[in-house]
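Asks: Coordinates only, no sequence provided:
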């Protein structure tokens, strides 16, 4: 199983990896959401963890593209939000 982590901060990515590795997930970290979107079909993740704080506009495009290709039950999406998230 694969988890795609899309965050700018390496320390946040390490925290996410710390919790996902024991669950048996291979963690793939991207700092660029456009590059992650381009490689989404190749990676075919079982979970996507993305920072809405770092990428307030890009997360929506990734979720739309992901949901167009796969049902909700096939891939979990988790958004990491900051202090302000309207």
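Replies: Great, that's in hand. The structure presented is a predicted model; accordingly, all values stated were derived computationally and were not measured.
Asks: If I look at residue 35, what pLDDT would I see?
Replies: Confidence at residue 35, expressed as pLDDT, is 95.
Asks: distance of it from residue 21?
Replies: According to Cβ to Cβ, to the nearest Å, residue 35 and residue 21 sit 23 Å apart. C-beta: built from backbone N, CA, C; applies to glycine.
Asks: Not counting sequence-adjacent ones, nearest residue to residue 1?
Replies: residue 46 (4.4 Å; Cβ to Cβ, 6 or more residues apart in numbering).
Asks: repeat for residue 16
Replies: residue 5 (5.2 Å).
Asks: Quick check, the residue nearest to residue 1 in contact with residue 77.
Replies: No: contact criterion Cβ atoms under 8 Å: residue 46 and residue 77 do not qualify, at 10.9 Å.
Asks: list residues touching both of the two?
Replies: Shared contacts of residue 46 and residue 77 (Cβ atoms under 8 Å, 6 or more residues apart in numbering): none.
Asks: ok, which stretches of the protein are helices?
Replies: 10-20, 33-38, 40-43, 58-69 (DSSP state H).
Asks: Quick one: residues in contact with the second one.
Replies: Counting by Cβ under 8 Å, 6+ apart, helix 33-38 makes contact with 4, 6, 30, 43, 50, 55, 58-59, 61-62, 65, all of which sit outside it.
Asks: got those as CSV, with distance to residue 17 columns?
Replies: Below are the contacts of helix 33-38 laid out as CSV (distance: Cβ to Cβ, whole Å):
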residue, distance to residue 17
4, 12
6, 13
30, 13
43, 16
50, 14
55, 19
58, 21
59, 19
61, 24
62, 19
65, 24
